[in-house]
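Visitor: compute the structure for the input listed below.
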Amino acid sequence: MSRVVNAVVLVTLASFSGRAMADDAEAVLKGHKAAVNAVVFSPDGRLLATGSDDDTIKLWDMATQKEIATLSGHDDSVLGLAFSNGQKWLASAAADNTIKIWDVAARKEIGILKGHKDAVNSVVFSPDDKLLASGSDDETVMLWEMPSGRNLATLKGHGDAVNGVAFAADGKLLASGSSDETIKLWEVPSFKEMATLKGHSDVVNAVTFSQDGKYLASASSDLSVRIWDPATGKELKSLLGYDGDVNSVAFSPDSRMLATASDDKTVVIWDVSKGEEIDTLEGHEDWVTDVRFAPDSKSLASVSEDATVRLWKIIADKK
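Guide: Below is the predicted model:
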C-alpha cells in the first residue's frame, strides 16, 4: 500500500528513524466475545483497558499479558475509555447513553453520569483530573466536574454526532471531532468555541493532541489523517493512502510518532516531523477500531472488530 503525505507546512523536529515489528504482533489477547471498540493504557503502563460490543470492559496486566478483571454494568456497547491521569479512576462511554466511573484499584463502579440523549462515543479527563469531557451522538460535548460528577456545561455547535474529544496537555484547549466533518476547539475553562477546523470531506472519527502541544491530529472516514497547528487552526499535513475509514489516531507520548487504526485492517505508524510512514502493522482480521501507545512509547496496543487485542513492539533508533 502506498502512503502519501501532502504537506502544507513541514515542521522540523529532531531527526528520527524507526521501524516496528510488522510481521507478527508480540501478543494477541483474547477474551471479548464481540468487536473491541476502545483501548487505553494506564498512565504507569501496568494496565490495559479494553471496551467491547459485548458490553464489558476488560483489564489486562501488561507484565503477564493476562486478563485480570471484567467490569460489567453497561447495557450496550462500550465505545470509549479513559484513565484519569492520577490513575484512580477509569471512565467508560457507552451506547446506553451513559458514562460510568470505575475505581481502578477496587475494580468496581463508583458512579454513573447521565445527561446525554444518545450514545456516548468518547471520554477524556483533563490533565488535572478535575474535568471529564464526553462526546455523543446527540451532537453535544458535555463537561463534568470530578469527582462530584456534576454537569458543568453542555457545548453545542456541531451539526452531527460528536465522535471524539481530547484535551491539550496544558488543559487550556478541548477539541471535538464530529460527523459534520469538522473539528471544534473550545477554550477551557470558559468553554467558549474558539475555532472550527475544516478540511475533511467525511466523518471525523477521532482527535488527539501531541504531548508537546505542537500538533492536533484528526482521523476521518475520508481515508485521511490531518495534522493541525492548534494555535493557529491551520492544517499542516494530510496523511493519505488508506484503503478504508481511519477510525483512531494516537501520538506517542514523546510526540515523535503517530499511529492510526483503519478499516483496511492495518495500524500505520508515521514519523510526525517528516510526515513519512515508518511501518504498517498487519495481523488483524477485521477493521481496526482503536490504537494507543504505551507510556514509554516503545509499544502499542490495537483493537479490532475481530474481537482481539494486539500488542506490538516498536523498535526506534535515534540518530
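Visitor: the helices in this structure, which residues?
Guide: Using DSSP state H, no helices are assigned anywhere in the chain.
Visitor: so where is it shaky, pLDDT-wise?
Guide: 1-24, 316-319 (pLDDT under 70).
Visitor: how about 90 then?
Guide: 1-26, 314-319 (pLDDT under 90).
Visitor: who are the packing partners of the lengthiest strand in it?
Guide: Assignment by DSSP state E gives strand 308-318 as the longest strand of the chain. Under the contact criterion of 3 or more C-beta pairs under 8 Å, 6 or more residues apart in numbering; DSSP states H and E, strand 308-318 touches strand 16-20, strand 27-30, strand 36-41, strand 299-304. Heads up, the C-betas are built off the backbone N, CA and C, glycines and all.
Visitor: need the ones you listed in TSV with distance to residue 134, can you?
Guide: TSV is the format used below for these (distance: least, C-beta to C-beta, whole Å):
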stretch	distance to residue 134
strand 16-20	32
strand 27-30	27
strand 36-41	13
strand 299-304	20
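Visitor: JSON lines for those strands, including mean neighbour count and distance to residue 130?
Guide: Output for those, formatted as JSON lines (neighbours: other C-beta atoms under 10 Å; distance: least, C-beta to C-beta, whole Å):
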{"stretch": "strand 16-20", "mean neighbour count": "16", "distance to residue 130": "34"}
{"stretch": "strand 27-30", "mean neighbour count": "15", "distance to residue 130": "33"}
{"stretch": "strand 36-41", "mean neighbour count": "25", "distance to residue 130": "19"}
{"stretch": "strand 299-304", "mean neighbour count": "26", "distance to residue 130": "27"}
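Visitor: which stretches of the stretch 201-319 of the chain form strands?
Guide: Applying DSSP state E, counting those that start in this stretch to the stretch 201-319 of the chain gives strands spanning 204-209, 216-220, 225-229, 234-240, 246-251, 257-262, 266-271, 276-282, 288-293, 299-304, 308-318.
Visitor: which elements pack onto the first one?
Guide: So that's strand 204-209. Secondary elements touching strand 204-209 (3+ C-beta pairs under 8 Å, 6+ apart): strand 162-167, strand 173-178, strand 182-187, strand 216-220, strand 246-251.
Visitor: setting aside sequence neighbours, what's the nearest residue to residue 266?
Guide: What sits nearest to residue 266 in space, not counting adjacent residues and going by C-beta to C-beta, 6 or more residues apart in numbering, is residue 280, at 5.2 Å.
Visitor: how close does that neighbour sit to residue 261?
Guide: 12 Å (C-beta to C-beta, to the nearest Å).
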